[in-house]
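K.L.:
take a look and give me a structure for this.
(one chain, ligands or ions: 2)
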Amino acid sequence: MKFGGVLVQDAAAIMHSAQLVVQTAHKNTRAVVVVSAMASVTDGLLDLADRARQGHGDEVAQAVDLLERRHEDAVQTVFSSSPAMAVQPVVDEEHALFVSLRQALAGVAMLHELTPRSRDLIVSFGERCSAPIMSAALRAAGLTSRSLTGGEAGIVTDDTFGSAAPLLEIARRTVPRALTPLLDRGLTPVVTGFVGANEEGVITTLGRGGSDYTATILGACLPADEVWIWKEVDGVMTADPKLVPDAVRVPALSYREVMELAWFGAKVLHPMTVAPVQEAGIPIRIRSAFLPASPGTIVRADAPETGPVKAVTSIRKLTALTIGGAAMIGTSDVVSRVFDLLATAQLPVLMISQSSSMANVSLVMTQTDAERATRLLHKEFVGSTAIRDITATPHVAVVAVVGDGMRGTPGVAARLFTSLASENINLLMIAQGSSEVNISVLIAEKEVQRAVRAIHAAFGLAATT
Ligand SMILES: Nc1ncnc2c1ncn2[C@@H]1O[C@H](COP(=O)(O)OP(=O)(O)O)[C@@H](O)[C@H]1O
Ligand SMILES: N[C@@H](CC(=O)OP(=O)(O)O)C(=O)O
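P.N.:
Ligands and ions are numbered 1, 2, ... in the order given. A predicted model of the protein is given here:
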């Protein structure tokens with residue numbers, strides 16, 4: 001069971017989340033709990049790491065004091081509900097973590113250098129500080145529990161600091177070795193989300209939003225019967241409820257559908273969440289912590305098709321790069337060199353379109369990736385006749401519709417384009433994945449809300465459930 005930042009943001013939220021675990025444990029179910037950092041703490045730590053690098057030592061020290069007080073307040077409140085329990089060991093544990101955090105930040109400030117490895121160490125304190133408080137709340141609620149870091153729980157990763165990949169072959173041995181004896185003794189382990197360790201035991205992180213991924217890695221390696229991801233929202237909705245107020249819960253999604261939704265911007269799940277559990281067919285349940293009686297969304301291999309489209313998503317802050325040059329005509333070599341370069345630099349491309357003359361190719365990437373890609377492409381092709389120009393179109397967004405049911409169903413693209421045309425929204429690019437479970441369009445960023453609402457209405461998504 002995974003609880004995100006909002007669901008552990010303070011003592012009240014932590015105690016509420018602990019109750020959800022207790023209710024399940026009472027049904028003779030063994031649970032492993034995964035927690036994120038308290039809401040906004042990860043952003044705060046990343047900011048502190050940057051400010052330490054710039055040498056703003058005093059500001060950083062004050063901000064760490066505030067962060068420590070926020071955690072200590074939560075500890076005191078959790079323990080005030082159970083006066084018989086000794087608060088001091090948890091206060092000491094939190095304090096020791098903050099001493100280490102201060103040391104790490106002081107090192108960065110002294111060297112004026114922030115490596116990906118030290119950034120991972122600093123940002124890991126968010127989850128490492130929230131997990132002992134959740135564990136204490138579970139003890140206060142009557143369970144036995146202890147907290148572990150992702151590395152202690154057996155999540156071994158590669159060395160890609162900032163977006164480390166789990167080494168599942170190893171983790172399949174190390175995770176059960178770490179957790180099964182605890183579960184056998186009746187403990188409920190609380191594991192830090194987002195945080196892993198490489199083979200030498202150095203702390204790594206799985207990428208932003210990676211606590212969902214931690215839950216499915218643990219679920220696959222134990223293996224679990226189900227992975228439950230508790231959220232503020234009532235499961236995966238037909239659109240981001242912040243953009244479309246009449247969005248409704250999608251009862252069931254296939255692994256592929258949820259992967260496409262996450263990749264195309266549905267912030268509700270980390271894009272890699274599905275990967276570890278898909279092969280074993282372990283279902284993921286996305287449930288609301290505020291509506292625990294609701295079934296939420298179930299993700300499994302054989303989700304029923306309810307129509308061609310199940311949800312609409314969007315990603316903003318993108319840039320389209322158009323790479324052109326007469327020498328590209330009729331040669332695939334230049335295009336493959338461009339993609340090799342981007343793959344080696346680990347710069348993901350969200351959409352691709354090539355003119356039929358092959359004289360130019362357009363790629364859609366995040367703004368920051370596009371800036372890096374432009375620099376790399378200039379360096380690689382400087383002085384070559386293959387590429388004459390690279391033009392950037394910033395402030396664009398991808399809007400995508402996703403659903404297994406659109407495979408082989410004619411008219412889906414027509415309905416999508418008509419709904420956008422009726423809103424006078426210009427299409428800059430169109431792409432359909434070869435798997436035919438999504439169609440995506442590129443539009444100006446300022447049109448996103450109107451576009452998503454129009455598409456949501458055109459496919460009748462508010463009436464899905
Ligand atoms: N299709 C969607 N369904 C549900 N939530 C969505 C969707 N698209 C975007 N979201 C956003 O995802 C957020 C839920 O995820 P998030 O806050 O990251 O949870 P957590 O911090 O618990 O991982 C919501 O605030 C919601 O606005
Ligand atoms: N705390 C990490 C990992 C995470 O998944 O957080 P959340 O579950 O609150 O999205 C982050 O903010 O990226």
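K.L.:
wait, residue 197 sits on residue 151?
P.N.:
Yes. At 2.8 Å, residue 197 and residue 151 qualify as touching, with contact defined as C-beta atoms under 8 Å. From N, CA and C alone the C-beta is placed, and that goes for glycine too.
K.L.:
overlap of the contact sets of those two?
P.N.:
Common contacts of residue 197 and residue 151 (C-beta atoms under 8 Å, 6 or more residues apart in numbering): residue 203.
K.L.:
what's near enough to touch the residue of the chain found nearest ligand 1?
P.N.:
When you check the chain against ligand 1 by C-beta to the nearest ligand atom, the closest residue turns out to be residue 4, at 1.9 Å. With contact set as C-beta under 8 Å, 6+ apart, residue 4 has these partners: 36, 211, 212, 229, 230, 231, 232.
K.L.:
so which elements touch the host helix or strand of the third one?
P.N.:
Okay, so that is residue 212. Per DSSP states H and E: residue 212 is located in helix 211-221. Using 3 or more C-beta pairs under 8 Å, 6 or more residues apart in numbering; DSSP states H and E as the contact test, the elements touching helix 211-221 are strand 2-3, strand 33-35, helix 168-184, strand 187-192, strand 227-231, helix 275-278.
K.L.:
so what's the gap between the fifth one and the chain middle?
P.N.:
To tie it back to what came earlier, the one meant is strand 227-231. Its chain's C-alpha centre lies 13 Å from the corresponding centre of strand 227-231 when counted by C-alpha atoms, centre = their mean, to the nearest Å.
K.L.:
from the chain's centre, how far out does the following helix or strand past it sit?
P.N.:
Remark: after strand 227-231, the chain's next helix or strand is strand 252-254, criterion DSSP H and E. Computed by C-alpha atoms, centre = their mean, the separation of strand 252-254 from the middle of its chain amounts to 18 Å.
K.L.:
strand 252-254 close to ligand 1?
P.N.:
No. Residues of strand 252-254 are not located near ligand 1 by C-beta under 6 Å from any ligand atom, the shortest gap being 10.1 Å.
K.L.:
how about stretch 442-450?
P.N.:
No. Judged by C-beta under 6 Å from any ligand atom, stretch 442-450 stays clear of ligand 1, getting no closer than 12.4 Å.
K.L.:
buried set for that stretch?
P.N.:
By neighbour count, and taking 16 or more other C-beta atoms under 10 Å as the criterion, the buried residues in stretch 442-450 are 442, 443, 447, 448.
K.L.:
what's the end-to-end length of that stretch?
P.N.:
Taking C-alpha to C-alpha, to the nearest Å, stretch 442-450 runs 14 Å from one end to the other.
K.L.:
repeat for stretch 299-317
P.N.:
When the termini of stretch 299-317 are compared using C-alpha to C-alpha, they are 28 Å apart.
K.L.:
quick check: mean pLDDT across that stretch?
P.N.:
Confidence over stretch 299-317, taken as the mean pLDDT, stands at 92.
K.L.:
and that stretch, how far out from the chain middle?
P.N.:
17 Å.
K.L.:
which parts of it are buried?
P.N.:
The neighbour-count criterion (16+ other C-beta under 10 Å) identifies 299, 300, 303, 306, 308, 309, 310, 311, 312, 313, 314, 315 as the buried residues of stretch 299-317.
K.L.:
what of stretch 163-177?
P.N.:
Of the residues in stretch 163-177, 163, 164, 165, 166, 167, 168, 171, 172, 174, 175, 176 count as buried by neighbour count, 16+ other C-beta under 10 Å.
K.L.:
quick one: residues contacting the fourth one.
P.N.:
Yep, that's residue 166 we're talking about. If you count contacts by C-beta under 8 Å, 6+ apart, residue 166 has them with 155, 156, 157, 196, 206, 213, 217, 276.
K.L.:
for it, give the beta-bridge partners.
P.N.:
With beta bridges defined as DSSP bridges, residue 166 has these partners: residue 157.
K.L.:
returning to that earlier point: out of the helices and strands packed on helix 211-221, which gets nearest to residue 359?
P.N.:
Evaluated over the helices and strands packed on helix 211-221, closeness to residue 359 peaks at helix 275-278, with 37.1 Å, by C-beta to C-beta.
K.L.:
same for that closest one, what does it pack against?
P.N.:
In this structure, helix 275-278 packs against helix 211-221, helix 255-263, with contacts taken as 3+ C-beta pairs under 8 Å, 6+ apart.
K.L.:
these two touch, right, residue 395 and residue 443?
P.N.:
No. Counting by C-beta under 8 Å, residue 443 is not a contact partner of residue 395; they are 10.4 Å apart.
K.L.:
how about CSV for the buried residues of stretch 442-450, with distance to residue 423, pLDDT and secondary structure added?
P.N.:
Putting the buried residues of stretch 442-450 into CSV (distance: C-beta to C-beta, whole Å; pLDDT from 0 to 100; DSSP: H, G, I helix; E, B strand; the rest coil) gives the following:
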residue, distance to residue 423, pLDDT, secondary structure
442, 15, 96, strand
443, 10, 97, strand
447, 8, 97, helix
448, 11, 97, helix
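K.L.:
adding distance to residue 432, write those residues out as a markdown table.
P.N.:
Below are the buried residues of stretch 442-450 laid out as a markdown table (distance: C-beta to C-beta, whole Å):
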| residue | distance to residue 432 |
| --- | --- |
| 442 | 13 |
| 443 | 16 |
| 447 | 20 |
| 448 | 20 |
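K.L.:
of the residues you listed, which is the nearest to ligand 2?
P.N.:
The shortest distance between ligand 2 and any of the buried residues of stretch 442-450, using C-beta to the nearest ligand atom, involves residue 448 and amounts to 21.3 Å.
K.L.:
need the contact list for the closest one.
P.N.:
Residues touching residue 448, when contacts are defined by C-beta under 8 Å, 6+ apart, comprise 243, 314, 316, 397, 399.
K.L.:
do you know how far it is from residue 459?
P.N.:
Plainly put, residue 448 is 17 Å away from residue 459 if you go by C-beta to C-beta, to the nearest Å.
K.L.:
give me every residue that touches residue 196.
P.N.:
With contacts taken as C-beta under 8 Å, 6+ apart, residue 196 has the following neighbours: 150, 151, 155, 156, 157, 164, 166, 203, 204, 205, 206, 214.
K.L.:
typed the wrong thing, it's residue 428
P.N.:
Applying C-beta under 8 Å, 6+ apart, we find residue 428 in contact with 320, 393, 396, 441, 442, 443, 444.
K.L.:
kindly report the same for residue 22.
P.N.:
Residues near residue 22 by C-beta under 8 Å, 6+ apart: 138, 141, 142, 143.
K.L.:
can you lay out the helices and strands packed on helix 211-221 as JSON lines showing distance to residue 347?
P.N.:
Putting these into JSON lines (distance: least, C-beta to C-beta, whole Å) gives the following:
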{"stretch": "strand 2-3", "distance to residue 347": "29"}
{"stretch": "strand 33-35", "distance to residue 347": "29"}
{"stretch": "helix 168-184", "distance to residue 347": "25"}
{"stretch": "strand 187-192", "distance to residue 347": "29"}
{"stretch": "strand 227-231", "distance to residue 347": "28"}
{"stretch": "helix 275-278", "distance to residue 347": "20"}
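K.L.:
need the winner for burial among the ones you listed.
P.N.:
Burial among the helices and strands packed on helix 211-221, expressed as mean neighbours by mean count of other C-beta atoms under 10 Å, is greatest for strand 33-35, which shows a mean of 30.
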